[in-house]
Every structure is written in structure tokens, then in C-alpha cells.
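*Asks:* fold the following and give me the result.
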Amino acid sequence: MQAGVIGADLRAFAAVDDAEDPVPLIRALDVGKSYPGMRGAEAAIMAALRLDGARAVLDVGCGLGSDAIGTAAEVAPGTRVTGIDVSRTMVAEAGRRAAEAGADVSFVCGSALDLPFADGEFDRCRAQTLLQHVPDAPRAIAEIARVLRPGGRAVAFEFDLGSTVLDHPDRATTRTVLDYVADAALQGWIGRQLPRLYREAGFTDIAVEPHLVFNDYAFFLFTMRRPLAQLVKDRVLTARQVVAWKGRLEQMHAEGHYLGGTTGYLVSATRT
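*Replies:* This next block holds a predicted model:
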């Protein structure tokens, strides 16, 4: 984990442009995508897109652009690859990285809730860890359906915070912490909801694949910094309980026993 990541606020991903210093958030995204579980999930996403024959591909919530850049390397010459993100900071960094890689990708700043594209403009669409950050998931999926042509392919991957696992001897406090994080998130259970939401949006041929992604101790602390403080502020836990819980986790990490992760769900579907 690079220096500065632990001090970031996980929920700031929903408003990167408002961050005093976006560098820790950018570093956190790079670190998170480096985990073996995420690399495996991204390979599965690419396979599920079935890019053969694709002429226009959209990456909604493209972040730093690595997935759009990777997609551009897999499609036939002349295929248009576009990434869109609500953050100007992310779009600027994605454009810089695409230019550095020599990738033919265009990036646009815009909202997933109101995509600035015509109906049926794309024949493939990917959305990875997007919906956990948006206030209206059904609307975002409806927008994906709108910009896909009939018969087009949509692939989504979202974590389900309610499935987070952590090895810790204090089961009661651990359960309190993890449940609080899932309940406080904008879309904490979005992973398990994906098949239903895509079905309700009119998609067919829906397939679901779970992927358990393990993290490391530093990244877990990154995600827990604000929730733990809020638990104390809300008087759900005392400061002494939090210090003791973190201390035991740190000891387990020092002894080589840390184990934590979250299940993400990959859903692929066809636009009717």
C-alpha cells in the first residue's frame, strides 16, 4: 500500500472533485485493482463482454480509464471505445494514461444517471464498481439500457458489502463494525441486487458469477477509518472498544494472520 492511502476517505470516491487532495484516492484505486481477485474478475468481465464484432463500447464510471484502455487493446481496429465518469479529475487522469499508452479511447465527463449519448449508440457496455456510488441504481441501469442497441451486451461488477468477511477473535464487535459499514454505504447490498435490477430494466439472458476478492490489512484500515470514528460518534461502540478491536487486528496482522475480503458479483445480460 502506497503512502497516503490509509488516510483517505472511502466515501470520497463519490465526490472525487471535492477532495482536498485526490492523489490518495487515485492511489487507492490503483492498489485495489492490483489484487489477484480483482485481476481475475476483470478477466471474466472482458470475456463476458464478447467483444468480437463490437463496433462501439462504453465504459460507464470509467475511473482512471484502465478498463477502457484494456478494452481498446482487445477490440478490432476501428471500434470506438468511450469512457465516461462524473469526476473531472478521473477523466483528466484517464486521458493522460490513455495518451501515455497510445490507446485510442475517448473520455467524457458526465453522469451515469443522464448519459450524454443517443439511444442505441453502443453495442457493448461495461460498468464496474459504479452503482455502489450512485443514489439511483435503477435509473443508471435504465440509462445503460437506453444507450445500448437491441441485442447489445451489458456487463456489470459490483461488490456486496454485506458479504465482507474478516477473521477476528471478537466476533460481536466485528459483526457490529461490518454491518454498520454495509448499512451506512450508499448502495451496500448492490452486488446481490444486480440480477434483479437488470431483469427489471428489461435485460434477458442474465448470468451471475460471484468473485471473492481478498484485500490486505492496509487497505482494510483505509476503508475503516471513517466508519470506526462514526461508530464512536454515534455511541454504537466506545472509543475503548474500537482501540482494543483495532489493536487485536494489528496484532493478528503482525503475526501473519490477517484475512479479509468481499464478494463481488459479475452480471452479464442482453438488451432486448
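
*Asks:* secondary structure class for Thr270?
*Replies:* strand (DSSP: H, G, I helix; E, B strand; the rest coil).

*Asks:* how close does it get to Asp123?
*Replies:* According to Cβ to Cβ, to the nearest Å, Thr270 and Asp123 sit 11 Å apart. Where C-beta positions appear, they are placed from N, C-alpha and C, glycine not excepted.

*Asks:* most centrally placed residue in this structure?
*Replies:* By Cα atoms, centre = their mean, the mean C-alpha position of the chain lies nearest to Thr129, the distance being 2.1 Å.

*Asks:* what touches both of Thr270 and Asp123?
*Replies:* Gly151, Gly152, Arg153 (Cβ atoms under 8 Å, 6 or more residues apart in numbering).

*Asks:* ok, now how distant is the last one from Thr238?
*Replies:* What it means is Arg153. With Cβ to Cβ as the criterion, Arg153 and Thr238 are 50 Å apart.

*Asks:* for the two, indicate the residue with more neighbours.
*Replies:* Arg153 (23 against 11; other Cβ atoms under 10 Å).

*Asks:* in contact with the more buried one, which residues are there?
*Replies:* Ala48, Leu49, Arg50, Asp123, Arg124, Cys125, Ser268, Ala269, Thr270, Arg271.

*Asks:* of these, which is the most crowded?
*Replies:* Ala269 (28 neighbours).

*Asks:* for the stretch 51-200 of the chain, which segments count as helices?
*Replies:* In the stretch 51-200 of the chain, the helices defined using DSSP state H, counting those that start in this stretch lie at 66-72, 88-101, 137-147, 171-184, 190-200.

*Asks:* give the other helices and strands that the fourth one contacts.
*Replies:* What that stands for is helix 171-184. Secondary-structure packing of helix 171-184 (3 or more Cβ pairs under 8 Å, 6 or more residues apart in numbering; DSSP states H and E): helix 217-233, helix 239-254.

*Asks:* got the angle between the first one and helix 171-184?
*Replies:* Here helix 217-233 runs at 90 degrees with respect to helix 171-184, directions being taken by axes from the mean of the first three to the mean of the last three Cα atoms, to 10 degrees.

*Asks:* and helix 217-233, average pLDDT?
*Replies:* Averaged across helix 217-233, pLDDT comes to 90.

*Asks:* cool, stretch 169-178 as well?
*Replies:* 97.

*Asks:* ditto for stretch 200-214
*Replies:* Rounded mean pLDDT across stretch 200-214 is 97.

*Asks:* what residues does that stretch touch?
*Replies:* 35-38, 40-41, 44, 48, 138, 141-142, 144-145, 154, 157, 159, 194-195, 198-199, 259-272.

*Asks:* swap the cut-off to 7 Å and go again
*Replies:* Outside of stretch 200-214, the residues within contact range by Cβ atoms under 7 Å, 6 or more residues apart in numbering are 35, 37-38, 40-41, 44, 138, 141-142, 145, 154, 195, 198-199, 260-272.

*Asks:* how about stretch 71-88?
*Replies:* Here stretch 71-88 has contacts from 16-17, 46, 51, 54-63, 65, 68, 91, 94, 103-112, 115, using Cβ under 7 Å, 6+ apart.
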